[in-house]
Each structure stands twice: as structure tokens, then as C-alpha cells.
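In: Attaching a predicted model along with its sequence, questions to come.
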Amino acid sequence: MNHPKSRFLSARRIVIIISVILGLVHVILFGWTLQRRSASAELNESKLVLEENLDQLQRINQDQLDALRGELEDIQAEITALEASFPELGAPFAIYRRVLDLTQDSQLALLEISLVSSETLETASGLILKKDYRIETQGSLENCLDFLDNLEQAGLDTVSLKFASIIPAESLCSLEISTLGYPD
């Protein structure tokens, strides 16, 4: 008997090969699906951890921001207090007119008022004009002391006394004062 020569690629073998290939494709696709699911689960876990970290970071940042705001308010209160303690330099002290008025109020005769020097100083708050004046009056010792007190009260912190000389025998009162103000 002659057996018919079997073909290498018979219909049965083709079906088996296709079934094996399809099985391998299904196994590969199933593996990918499982891998995707586990990766998706890991991503969801990572997402939750990151969201928790973000919430903690935002709380920490908010706490720090609140602390900084408190410090800023304290510093602003300090600045306001310091600014309030500075003399008003914006309004110039009209020295000639004020001294004349103050000498008359103190019952003194104004003999001389002259500008000795003038300089512009550079400070942290800007340019400040400093002027030095010499004032000579004539009158009693009591009136001269009243004049000094009135001048000090009128000038507040913008006028400072540099030198005072009182000669009771001649009824002379000589002063050197400085004024501060912003340049025009």
C-alpha cells in the first residue's frame, strides 16, 4: 500500500498553527491587559499619595504665609510708629518771620538774623536741607530764656540749638540754630 504522501501544510496543520498563533496573541493581549491594570492601580495609588502631599504642602505654605503676614503687620506697625516719631520736614520753618514774631512775643529786640551755612545732606529718607542761622537779640535774661523756650516749642524737632550765649550785663542773647527740611 502506498500511502499518499502527506503534505506539509495540510488543512489540519494550518488550523492548528492558526489556533496556536491566536492563543499566543490572546495570551500576549491578556498579559498587556493585566500589566495595564496593575500600572493603572499603581498610578491611582501614586496620584492619591501626591494629592495628600500637595494638601500637606498647601497647609504648610498657608501656615507660613499666615506667619509672614503677621510679621508684615508687625513690621508695618513699627514703620508707622517710626514715621510718626519723625519730625514733619515737609513744611519749611519760615525762620525769619517766626523769629521776629517770637522775639516780639518774648519782648526782645531782634538785632540780627543771618544765614551762616546751608548744606544738602543725603539720608536714608532722601535729601534733607540743613541750614545754620545766627540770631542776636537784646533784652532781659528772663525774656531771653522765654525766647529760647518759645523757639524750641515752635520748631519742635526741625530746629535745634547749636550754641547759646547770654551776656546779662549787655542784655545780649546770641544763638546759633540749625533747621532741617526738604529742599525746594
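Out: Cool, the structure landed.

In: what residue is smack in the middle of this structure?
Out: Central residue of the chain (C-alpha atoms, centre = their mean): residue 72, 8.0 Å from the mean position.

In: For residue 66, see how far away that one is.
Out: For residue 72, the distance to residue 66 (C-beta to C-beta, to the nearest Å) stands at 11 Å. The C-beta positions use only the backbone N, C-alpha and C, and glycine is treated the same way.

In: Surely residue 127 and residue 182 touch.
Out: Yes. Residue 127 lies in contact with residue 182 (C-beta atoms under 8 Å); the separation is 7.1 Å.

In: higher neighbour count, these two?
Out: Relative neighbour count places residue 182 above the other of residue 127 and residue 182, with 14 against 10, counting by other C-beta atoms under 10 Å.

In: Could you verify my assumption that the more buried one touches residue 129?
Out: Yes. Counting by C-beta under 8 Å, residue 182 does reach residue 129; the two are 6.6 Å apart.

In: Name the next helix or strand downstream of the helix ranked longest in the chain, please.
Out: Ordering each helix of the chain by length in residues (DSSP state H) puts helix 11-85 first. For helix 11-85, the following helix or strand on the C-terminal side (DSSP states H and E) is helix 95-105.

In: Packing partners of that following helix?
Out: strand 109-123, strand 126-138, helix 141-155 (3 or more C-beta pairs under 8 Å, 6 or more residues apart in numbering; DSSP states H and E).

In: how about the ones you listed, which one is nearest residue 52?
Out: strand 126-138 (51.8 Å; C-beta to C-beta).

In: ok, and what's touching the closest one?
Out: Applying C-beta atoms under 8 Å, 6 or more residues apart in numbering, the external contacts of strand 126-138 come out as 89, 95, 99, 103, 106, 108-121, 144, 147, 162, 170-183.
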